[in-house]
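Enquirer: Predicted model and sequence below, questions to follow.
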Amino acid sequence: MGWEVAVLAYRVLIADDEPDIRNLVSIFLQKNGYTVFTAKNGREAVGELRQNGEFDLVIMDIMMPDMDGIRACREIRTFSTVPLLFLTAKTQEADKQQAYGIGGDDYLGKPFSQNELLMKVSSLIRRYRVYRGKEASSKSAVAGIEIETETHQVKKNGVPVNMTEKEYAILQFFLSHRGQPVDVASLYEGVWNEKYLPSSNNTVMVHILNLRKKLEDDPAQPVFLRTVWGKGYQID
């Protein structure tokens, strides 16, 4: 059974220097109802985002001429929290950690199956639209960290904190379990919507480290997102 789904013309930007990959992914997503834009390098992708308004997802290769995916992601994160899926042949653990560390939301290695691609695309867009589409505005504050759910704005001691959608989703997951330790497997399956595997641990650790760098006074001695030894992580 194919992954034919009905979507509301969600806008996806594909950035890849290989024409065959751009065409393959474009045709597949268009067949499933997505509106697709393309770019052949990171610089074009950044320009497309700046010029053509809001996108629901960016699919980005890492190894591209002129401006690679890592540099493009860094620049995009200065003005947008759009979900970003890295689609690349660079599949070493260090490559994944670098991709997540600079603001990527998910990672899919080449070669890939169309079903796996569509599952990740659907999952990322669904979370993005759900969080953005909250009807009621609510605000919570913990240890100087203020979270505005309607706008996704996070402040530390009154100063705005720039966060990716994945980081915000992790923060929301912890807040929904406030006062309870959350183990790595539950966090991964709850936020990434994928079955936890031992290799998923590094992905979680990188995101936790990034959150602590942004939210803790001293990331090496966290008091907001603290470690509960033998049980996981907890926000009180």
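Expert: Ah, there it is.
Enquirer: from here on, contacts and neighbour counts on C-alpha atoms
Expert: Will do.
Enquirer: next structured bit after the helix or strand bottoming out on mean pLDDT in the chain?
Expert: When the helices and strands of the chain are scored by mean pLDDT, DSSP states H and E, strand 139-142 comes last with a mean of 54. Downstream of strand 139-142, the first helix or strand assigned by DSSP states H and E is strand 145-148.
Enquirer: Counting neighbours, show which residues of the next helix or strand after that following strand come out buried.
Expert: Downstream of strand 145-148, the next assigned helix or strand under DSSP H and E is strand 153-156. Residues 154, 155, 156 are the ones in strand 153-156 that count as buried (16 or more other C-alpha atoms under 10 Å).
Enquirer: Go through the residues you listed and name the one nearest residue 169.
Expert: residue 154 (11.9 Å; C-alpha to C-alpha).
Enquirer: For that closest one, name its beta-bridge partners.
Expert: residue 147, residue 161 (DSSP bridges).
Enquirer: measure it to residue 78 for me?
Expert: Relative to residue 78, residue 154 is positioned 15 Å away (C-alpha to C-alpha, to the nearest Å).
Enquirer: Also residue 179?
Expert: Taken as C-alpha to C-alpha, the span from residue 179 to residue 78 is 32 Å.
Enquirer: For the longest helix anywhere in the chain, buried residues please.
Expert: In the chain, taking DSSP state H as the definition, the longest helix is helix 114-132. Judged by neighbour count (16+ other C-alpha under 10 Å), helix 114-132 contains these buried residues: 117, 118, 120, 121, 122, 124, 125, 127, 128, 131.
Enquirer: Please name whichever of those residues scores lowest on pLDDT.
Expert: Least confident entry in the buried residues of helix 114-132, by pLDDT: residue 131, with 56.
Enquirer: re the thing from before, and which of the buried residues of helix 114-132 is nearest residue 186?
Expert: residue 127 (16.8 Å).
Enquirer: Can you check the pLDDT for the residue lying closest to that closest one once chain neighbours are set aside?
Expert: Excluding the flanking residues, the one nearest residue 127 by C-alpha to C-alpha, 6 or more residues apart in numbering is residue 169, at 8.0 Å. On pLDDT, residue 169 comes in at 86.
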